[in-house]
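Undergrad: Following is a predicted model, sequence given first.
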Amino acid sequence: MNVSIIRRILGYVLILEAAMLLLPCIVALVYNEEEVLSFLAVSVICLLVGAAMGLKKPNDNVFYLKEGCVATGFSWIFLSLFGCLPFVISGVIPNFTDALFETVSGFTTTGASILSEVESLPKSMLFWRSFTHWIGGMGILVFLLAIVPLSGGTGSNINLMKAESPGPSVGKIRPKMRTTASYLYLMYVFITVAEIVMLVAGKMPLFDAVTTAFGTAGTGGFGIKNDSIASYSPYIQWVVTAFMLAFGVNFNVYFLLIFGQFKRALSIDEIRWYFLLIISSTCILFAATYHEFYGASDALRHSAFQVASIITTTGFSTADFDMWHGAAKTVLVFLMFIGACAGSTGGGIKVSRFIVAGKSVLREIRLYVHPKSVENMKMDGKTLDKNTVKATNIYLITFMFVFVLSMFLVSLEGHDLLTNFTAVAATINNIGPGLELVGPTKNFGFFSTPSKYVFIFDMLAGRLELFPMLLIFNPVLWKDAFTQSIRKHRAKKL
């Protein structure tokens, strides 16, 4: 394993985090808050540690998927460990585990919180919480690829991008990976700015608009008010609904639309199923909750908002859906697992995986009827190769294994089944709120320290598509790396 290139990438990540920590410093200065010193101190620490890690050039710039996964997993761990320090140093969240939970929840765009009251937090801390969503939405390593010319070659860069980008597959929208990453971030910034403009047009304060747009763009869900989005106007709620759905779409679709390939963009199966799920789920919620609101327009607005929030795994709320009809809550739990499109900023298992799994089941049923028939599965008009189907099946099995194990570990605390089930579902799918004790009006602060670390792992694993996090905890990997290091050391002596 190429440890030297991993170390260098981690150094770059910390230097980037040092630069990003300057933004909440500016916010603290604008609002005359003493937290500026906390952010500045952590920024300097990140810069020094990052520079030290990246000082020595790697022996070999080429790295494969294994190194890409390890670098990605450790990048997000380092990002969170250093990112939580402003909370601890300032005393806003003095407990390290709670601060780490909050920060991991931010970077992984989960939005689950241990805070029971957020409106009293300093503006700079509220900004940092929301900004972590925006950083984590598209991914820190995608940003790194966009601005830093890594010399490992296109094959190495795509291995890094594959390990971080959400969804079953990552492709190049331009010949060079650096150009691809740049296009993705340009679209990401453009849509974020568009939402800020529309929110400000609806008379939302600029600070509120920026932090809300960050949370929407990253499909994160950290609110700056205790009631999330409920106290804002219907216009603002509709704007947030529209942009949550927009950020749940595969960004390759926007690229195709920009370059006039409308037919190709609209022919993507995942997009059609994504909007079909949204429309049908909204209709079910509307019918189930109509009697709980003052009129059809209110019921439609709250139903559409909550469907958009859950399927995109954003986690904002305009109502306490934990009090809704059982059918409505059941639909929302299903949407928690389905999630958004591959290649979006949303979490969950992804719509495309369910399409592949569904096609596999239907093919198997047809084979029982016609055992000798040969049938190829197609998606977007193209034949699905066996590797894609195999990868989807392995992912679903791995997901179930991690989910069940997490459920068991959390259940040792003795809380009710629905709380444990939806708490794990909300964290591994990067959603935020669940039901019962972790409902939209509650938080995760009551869980014990061991359970919080289970959730921290689930949030990271869910955001990174499981395998990067599972790989770095695999003892075989480190045994091989140690053996390789010994061999190199002996070779140098000879």
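TA: Received, thanks. Because the structure is a prediction, the values reported are computed rather than measured.

Undergrad: Every contact and neighbour count from this point should use C-alpha atoms.
TA: OK.

Undergrad: looking at this protein, which helix or strand does the model trust least?
TA: Counting by mean pLDDT, DSSP states H and E, the weakest-scoring helix or strand in the chain turns out to be helix 154-164, with a mean of 53.

Undergrad: which sections of the chain are below the confidence cut-off?
TA: For the chain, residues meeting the criterion pLDDT under 70 lie at 1, 58-64, 141, 143-178, 480-482, 484-494.

Undergrad: Please enumerate the strands of it.
TA: 378-379, 382-383 (DSSP state E).

Undergrad: which outside residues touch the last one?
TA: When you say that, I think you mean strand 382-383. Defining contact as C-alpha atoms under 8 Å, 6 or more residues apart in numbering, one finds that strand 382-383 is touched by 376-377.

Undergrad: Tell me the strands beside it, with direction?
TA: strand 378-379 (antiparallel) (DSSP bridges).

Undergrad: which stretches of the stretch 351-494 of the chain form helices?
TA: Along the stretch 351-494 of the chain, counting by DSSP state H, counting those that start in this stretch, helices occupy 351-369, 386-411, 417-428, 449-463, 467-472, 475-493.

Undergrad: Could you dump the ones you listed into JSON lines and include mean neighbour count and distance to Gly91?
TA: What follows is the helices of the stretch 351-494 of the chain, written out as JSON lines (neighbours: other C-alpha atoms under 10 Å; distance: least, C-alpha to C-alpha, whole Å):
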{"stretch": "helix 351-369", "mean neighbour count": "16", "distance to Gly91": "41"}
{"stretch": "helix 386-411", "mean neighbour count": "15", "distance to Gly91": "28"}
{"stretch": "helix 417-428", "mean neighbour count": "24", "distance to Gly91": "25"}
{"stretch": "helix 449-463", "mean neighbour count": "22", "distance to Gly91": "19"}
{"stretch": "helix 467-472", "mean neighbour count": "20", "distance to Gly91": "30"}
{"stretch": "helix 475-493", "mean neighbour count": "11", "distance to Gly91": "36"}
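
Undergrad: among the strands of the chain, which is the most enclosed?
TA: Across the strands of the chain, averaging neighbours per residue (mean count of other C-alpha atoms under 10 Å) puts strand 378-379 on top, at a mean of 14.

Undergrad: Contact partners for Gly445?
TA: Gly445 neighbours (C-alpha under 8 Å, 6+ apart): 98, 113-116.

Undergrad: hmm, back to that, mind checking the helices of the stretch 351-494 of the chain for the one nearest to Phe305?
TA: Closest to Phe305 of the helices of the stretch 351-494 of the chain, according to C-alpha to C-alpha: helix 417-428, at 17.3 Å.

Undergrad: Now do that closest one: everything it contacts.
TA: Residues external to helix 417-428 that are found in contact with it (C-alpha under 8 Å, 6+ apart): 110, 112, 333, 336-337, 348, 403, 406-407, 410-411, 431-438, 455-456, 458-463.

Undergrad: send the alpha carbons of that helix over as CSV?
TA: Presented in CSV, the C-alpha positions along helix 417-428 are these (Å, rounded to 0.1, in the frame of the first residue of the first chain):
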residue,chain,number,x,y,z
LEU,A,417,-37.4,-0.6,19.1
LEU,A,418,-38.7,2.2,16.9
THR,A,419,-36.3,4.7,18.4
ASN,A,420,-33.3,2.4,17.8
PHE,A,421,-34.4,1.4,14.3
THR,A,422,-35.0,4.9,13.1
ALA,A,423,-31.9,6.3,14.9
VAL,A,424,-29.7,3.8,13.0
ALA,A,425,-31.6,4.4,9.8
ALA,A,426,-31.3,8.2,10.1
THR,A,427,-27.5,8.0,10.7
ILE,A,428,-26.5,5.3,8.2
